[in-house]
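Asks: build me a model from this:
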Amino acid sequence: MSYIIHITATAERDIIRAADYIEFTLKNPTSAEHLLDAATEQINSLADFPEKCRLVDDPVLASWGIRFIIVNHYLAFYTIDTEKQLVIVVRFLYQKSNWNSILRHGFSLI
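Replies: Below is the predicted model:
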C-alpha cells in the first residue's frame with residue numbers, strides 16, 4: 001500500500017535554501033538541479049516502503065519516530081503516520097550541520 005508524502009513548509013524552505021546555496025553561492029546550477037532531482041526521487045521512494053530507513057541514533061529524536069534518508073550530502077528527516085498512511089518530511093538539513101540540536105528545538109508537521 002502506497003503512503004502519501006507530505007513535505008512541510010519548513011522542509012520545502014530547507015530544500016530551496018540548499019539548492020539556492022549551491023546555485024548562487026557555489027555558482028553551480030547543474031549541481032543544484034541534481035540535488036532537487038535527487039531529493040524528489042529519494043523522498044518519493046518513501047511512499048512504497050517508508051520503514052526502509054532507520055530511526056536516528058539520538059534517543060530523544062528516535063522516541064519521536066524521526067527517521068532519515070540520505071540525499072547527496074543532505075538528510076531528509078521524516079516521521080510516519082501509519083494510521084493515515086502518511087510520510088511527513090519535517091526537515092532537509094546538511095549532513096554535517098548540528099541537526100540533532102536543530103531537530104530537538106522542534107518542528108512543524110504542517
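
Asks: could you say what helices and strands the helix or strand hosting residue 34 packs with?
Replies: Here residue 34, judged by DSSP states H and E, is contained in helix 29-44. When contacts are defined as 3 or more Cβ pairs under 8 Å, 6 or more residues apart in numbering; DSSP states H and E, helix 29-44 packs onto strand 4-7, helix 9-20, strand 67-71, strand 74-81. The C-beta positions use only the backbone N, C-alpha and C, and glycine is treated the same way.

Asks: and of the ones you listed, who's closest to residue 38?
Replies: Closest of the helices and strands packed on helix 29-44 to residue 38 is strand 67-71, at 5.2 Å (criterion: Cβ to Cβ).

Asks: what are the buried residues along the closest one?
Replies: Buried residues in strand 67-71, counted by 16 or more other Cβ atoms under 10 Å: 67-69, 71.

Asks: report the angle between it and strand 74-81.
Replies: Orientation of strand 67-71 against strand 74-81 (axes from the mean of the first three to the mean of the last three Cα atoms, to 10 degrees) gives an angle of 150 degrees.

Asks: so what's the predicted local confidence for the residue of the chain positioned farthest from its centre?
Replies: Relative to the C-alpha centroid of the chain, counting by Cα atoms, centre = their mean, residue 27 is the outermost residue, at 23.6 Å. Residue 27 carries a pLDDT value of 98.

Asks: which ones are touching the spatially most central residue of the chain?
Replies: Centroid-nearest residue in the chain, with Cα atoms, centre = their mean: residue 76, separated by 1.8 Å. Listed by Cβ atoms under 8 Å, 6 or more residues apart in numbering, the contact partners of residue 76 are 11, 39, 42-43, 68-69, 89, 91-92.

Asks: between the residues you listed, which is nearest residue 107?
Replies: residue 91 (5.9 Å).

Asks: so that closest one sits against residue 97, correct?
Replies: No. The pair residue 91 / residue 97 is not scored as a contact, 9.8 Å apart, by Cβ atoms under 8 Å.
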